[in-house]
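# Have a look; sequence and predicted model below, questions after that.
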Amino acid sequence: MSAEARTTPATALAADVRAGRRSAVEVLEEHLARIATTEGDVHAFNLVTEAHARAQAAAVDGAVSEGRDPGPLAGVPVALKDLICTRGVPTTCSSRILEGWTPPYDATVVTRLAAAGAVFVGKTNMDEFAMGSSTEHSAFGPTRNPHDLSRVPGGSSGGSAAAVAAGYAPVSLGSDTGGSIRQPAALCGVVGAKPTYGLVSRYGLVAFASSLDQIGPFTTTVADAALVLDVIGGHDPRDSTSLPDTAREKAASRLGRGVEGLRVGVISELAGAQGIATDVAARVRHAADALAGAGAKVEEVSVTSVVYGLSAYYMIAPAEASSNLARYDGVRYGLRVPGEDITDMYIATRSAGFGPEVKRRIMLGTYALSAGYYDAYYGKAQKVRTLIIQDFEEAYRSYDVLLSPTSPTTAFELGAKTSDPLTMYLNDVCTIPSNLAGHPAVSVPFGTGDDGLPVGVQVLAPALGEPVMFQVAEVLEAAVAGAPGGAK
Amino acid sequence: MARLARLSLTDDELHQYTSQLAGVLEHAADIEALDIEGVPPTAHPFPLVNVLRDDVVAASLDRAEVLGQAPDVDQDRFRIPRILGEAP
């Protein structure tokens, strides 16, 4: 199928709906029609919520006709990753253990998007409990890449990335623990941003690894990503890890300023590292040249410890997951498989409800935290985390933003990496360091690889550096649009 | 380890996970190359202290809605299989 089925950007749609030039219902029907045409092949959604969406769109139109402003996302169709809680609408995490569960409350991001006039079209497929890089670890079958149906969309937020790439919605939300927004964004040719840890409330986000998880947007443009982040971001008293609002600039505040005089560091350990495909590395060099051409000061910079992020992450994230997923015990919600006594019931429920990758990570995390191994694995990983933060701090003394590939390769074939977990984990080598540090990073589509599939370039910034991050990302976006032959 | 995690694995699963996880642990050994002597551990990206909410009465989740999602309920409580050795 054609990946040209791009929807109009959210900023333009919302402007039309607010001004009464288009109705929210008409905008929604256009997107639902696109879903009806190709979703059977793509499988971006676990659930399409047409009736709910039609009611929301009609309410937006009602507000406009009464002269009230529905908000900055008026009538914009939004798809939600299926681990973001929606009251009365099933939220499965693509797991059998939560099949049929309907949350008794809305996530804060859902409340904020709805208040801004957004219209929710459905819940998107994902790797079970966000554990994976291809969306093949879903209990409900894989999502396929709209650019090439034989390829994966990336993961874990593969359904959200595919939904935007296929034109089902101009905006979707995903979650990013080690790259789960940025890597699928790169593979599907859309913009995907992981905000600073604590910028977006995680109230109502089903937890994977609590010191790493962040919610962020997928969009077709950089300006849309900044707009959505400004709607969903900000302090929430219901999330104790939520940052205070003091001294925070709007994410969109530096758009349109260009990069004249900005200092950009290309991370040498990631730009040309072993395992980074040559066509991807070439695109990163082109991106660096484009920024230099636009007036930025671009240099290579060494951030020594980042390559060790992968090892640290695959101790820390499973450790936190093994603890977080202890709550799926068949007592308060979700699946229960009966047992003789409570321990039998726990074991029967969890063994039947969790898929293979989730079990693998729980086992790894339980091991990393167990007596006798804690210091050797989890303890060491936490120290590596400190080194990565220190190395980033050092780099940001000389550079405003850093640049790297997002994913080592373009989208790979379904089934290519499912038999060897380590090969799958290596997909995250460039994205993990930002999660460990709590920093923001965005993947911007930057042309295609030798196979004609999208390549993403990653712009990394220090904590709360979203404004400068989007400022640079927007210049890359313009450079691609202005290049001869468009995406090439 | 599976018992600790409250999982029951088939022999096939055990065999597969053992070799796969050994591969991951082997890769993780690359951090031995780093000098981490005296480096403090980081558990969380930002130093957080206890966060308390204002002591104001607010609505909690709807009880019927919450209990409606439970696998087994008895008199407004979650019902579970027996915990101790004696007959129920």
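That came in fine, so what should we check first? Residues are numbered from 1 along each chain as shown, chains lettered A, B, ... in the order given.
# Next up, the contacts around the residue of chain B found nearest chain A.
Taking CB to the nearest CB, chain A has its nearest neighbour within chain B at residue B:45, 2.5 Å off. For the C-beta atoms, the positions are set from N, CA and C on the backbone; glycine is no exception. By CB atoms under 8 Å, 6 or more residues apart in numbering or on different chains, the contact set of residue B:45 is A:197, A:198, A:211, A:389, A:436, A:437, A:438, A:439, A:463.
# Tell me where the stretch 301-450 of chain A has helices.
A:309-324, A:342-353, A:356-369, A:380-398, A:421-425, A:432-437 (DSSP state H, counting those that start in this stretch).
# Among those, show me which one is buried the most.
helix A:432-437 (a mean of 30; mean count of other CB atoms under 10 Å in any protein chain shown).
# which residues are in contact with the lengthiest helix in chain B?
What stands out as the longest helix in chain B, according to DSSP state H, is helix B:11-28. Applying CB under 8 Å, 6+ apart, the external contacts of helix B:11-28 come out as A:310-311, A:314-315, A:356, A:359-360, A:363-364, A:367, A:377, A:381, A:420-422, A:425, B:2, B:9.
# Alpha carbons of it, as CSV, please.
Backbone C-alpha positions of helix B:11-28 (Å, rounded to 0.1, in the frame of the first residue of the first chain) are rendered in CSV as follows:
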residue,chain,number,x,y,z
ASP,B,11,10.5,-28.0,30.1
ASP,B,12,10.7,-26.5,26.7
GLU,B,13,10.3,-23.0,28.0
LEU,B,14,12.9,-23.6,30.8
HIS,B,15,15.4,-24.9,28.3
GLN,B,16,14.8,-22.0,25.9
TYR,B,17,14.9,-19.3,28.5
THR,B,18,18.0,-20.7,30.1
SER,B,19,20.1,-20.4,27.0
GLN,B,20,18.5,-17.1,25.9
LEU,B,21,19.0,-15.4,29.2
ALA,B,22,22.5,-16.7,29.5
GLY,B,23,23.2,-14.8,26.2
VAL,B,24,21.7,-11.6,27.6
LEU,B,25,23.8,-11.9,30.8
GLU,B,26,26.9,-12.6,28.7
HIS,B,27,26.3,-9.4,26.7
ALA,B,28,25.7,-7.5,30.0
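# related to what we said a few turns ago, which SSE is the residue of chain B closest to chain A in?
Assignment of secondary structure by DSSP states H and E places residue B:45 within no helix or strand.
# With residue A:122 instead?
Using DSSP H and E, residue A:122 falls in strand A:119-124.
# tell me the mean pLDDT over that strand?
For strand A:119-124, mean pLDDT is 98.
# Figure out which of the helices of the stretch 301-450 of chain A is closest to chain B.
Taking these one by one with CB to the nearest CB, helix A:380-398 is closest: 3.4 Å.
# got the buried residues for the lowest-mean-pLDDT helix or strand in chain B?
One helix or strand of chain B scores below all others by mean pLDDT, DSSP states H and E: helix B:11-28, with a mean of 91. Neighbour-count burial for helix B:11-28, counted by 16 or more other CB atoms under 10 Å in any protein chain shown, picks out B:13, B:16, B:17, B:20, B:21, B:24, B:25, B:28.
# Report the contact partners of the residue in the stretch 201-350 of chain A positioned nearest to chain B.
Proximity of the stretch 201-350 of chain A to chain B (CB to the nearest CB) peaks at residue A:336, 3.6 Å away. Residue A:336 makes contact with A:330, A:345, A:349, B:71, B:72, according to CB under 8 Å, 6+ apart.
# My guess is residue B:81 contacts residue A:347. True?
No: with contacts counted by CB atoms under 8 Å, residue B:81 stays clear of residue A:347, the gap being 11.6 Å.
# Please enumerate the shared neighbours of those two.
In contact with both residue B:81 and residue A:347: residue A:339, using CB under 8 Å, 6+ apart.
# who does the strand holding residue A:122 touch, helix- and strand-wise?
helix A:24-42, strand A:45-48, helix A:50-65, strand A:77-81, helix A:108-115, helix A:158-165 (3 or more CB pairs under 8 Å, 6 or more residues apart in numbering or on different chains; DSSP states H and E).
# Spell out for me which residue occupies the centre of chain A.
residue A:181 (1.9 Å; CA atoms, centre = their mean).
# Look at it and report its pLDDT.
98.
# which residues does it contact?
A:157, A:160, A:161, A:174, A:175, A:192, A:193, A:194, A:216, A:217, A:218, A:443.
# Thanks a lot, catch you later.
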